[in-house]
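> next one to model:
(one chain, ligands or ions: 1)
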Amino acid sequence: MRIASLRRALWHRHVNGVGAPAAMRGWLTTEGSLTARLVAHSKAFRVQRLHQGPSTCLADEAGAIGMARPRRVLEREVVLRCDGVPVVFGHTVVTISSTASDWPLFSALGERSLGSTLFYDPLVKRGELEFARLRPGHPLLARARAALGGMEDTVYYARRCLYRRRNGTLLVTEVFMPEVTELAPNTHNK
Ligand SMILES: C=C(O[C@@H]1C=C(C(=O)O)C=C[C@H]1O)C(=O)O
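Next comes the predicted model:
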């Protein structure tokens with residue numbers, strides 16, 4: 001199998017296309033903010049920011065953000081933790097042509113959740129979710145592994161969603177760790 005094909009995922013419009021176990025499907029298809037659902041399934045939720053700055057988008061996201069080939073973007077990568085356990089590796093790219101007025105809060109997010117700026121802004125238009133099985137050669141798994149270590153599974157499930165605001169384009173990709181399926185609703189948050 002050509003290395004290039006390992007570095008790209010096959011993104012499906014329907015979750016059935018990735019063959020995820022039922023418990024993982026429930027997380028992959030979470031409507032609304034993933035952050036909000038993770039907060040409701042933990043006593044302590046944290047967005048651990050790994051880095052944010054200029055980068056080159058991945059081979060299989062260029063087309064999704066309107067680029068003919070991978071080019072410069074603003075990139076943000078985080079680990080979402082529930083009670084200290086890493087459950088999602090978040091990777092977000094914003095086209096360089098997007099100005100600060102398109103995503104006014106993006107550059108100053110720090111360890112606040114990106115979701116908090118996307119789901120409560122009437123100017124944000126959310127696209128359709130896409131789903132994929134990521135195999136060991138995918139660059140997002142290498143980055144998640146560098147941040148988290150371990151990660152012995154051979155297949156990880158991911159979803160991505162395109163957001164638009166004014167003239168800006170933003171693509172969020174979420175790679176789910178298997179531990180997410182062990183989370184239970186936190187009755188103390190009611
Ligand atoms: C898009 C959301 O924001 C989450 C927060 C992210 C961040 O802070 O970088 C990245 C991925 C998302 O899981 C959400 O909460 O649904």
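
> what's the burial count for V79?
Here the neighbour count serves as a burial measure; for V79 (other C-beta atoms under 10 Å) it reads 20. C-beta: built from backbone N, CA, C; applies to glycine.

> what lines up beside the helix or strand hosting it in the sheet?
V79 is part of strand 72-82, with elements assigned from DSSP states H and E. Each strand that strand 72-82 pairs with, and the sense of that pairing, follows from DSSP bridges: strand 45-56 (antiparallel), strand 85-95 (antiparallel).

> next, A36: secondary structure please.
At A36, secondary structure determined by DSSP: H, G, I helix; E, B strand; the rest coil is helix.

> among the strands paired with strand 72-82, which is nearest the ligand?
Go through the strands paired with strand 72-82 one by one with C-beta to the nearest ligand atom and the one that ends up closest to the ligand is strand 85-95, at 3.0 Å.

> and that closest one with the ligand, contact?
Yes: residues of strand 85-95 contacting the ligand under C-beta under 6 Å from any ligand atom: 88, 90, 92.

> quick one: name whatever helix or strand follows that strand.
In N-to-C order, the element after strand 85-95 by DSSP H and E is helix 115-118.

> mean confidence score for the helix or strand just after that following helix?
Where DSSP H and E defines the elements, the next helix or strand beyond helix 115-118 is strand 125-126. Average pLDDT, strand 125-126: 97.
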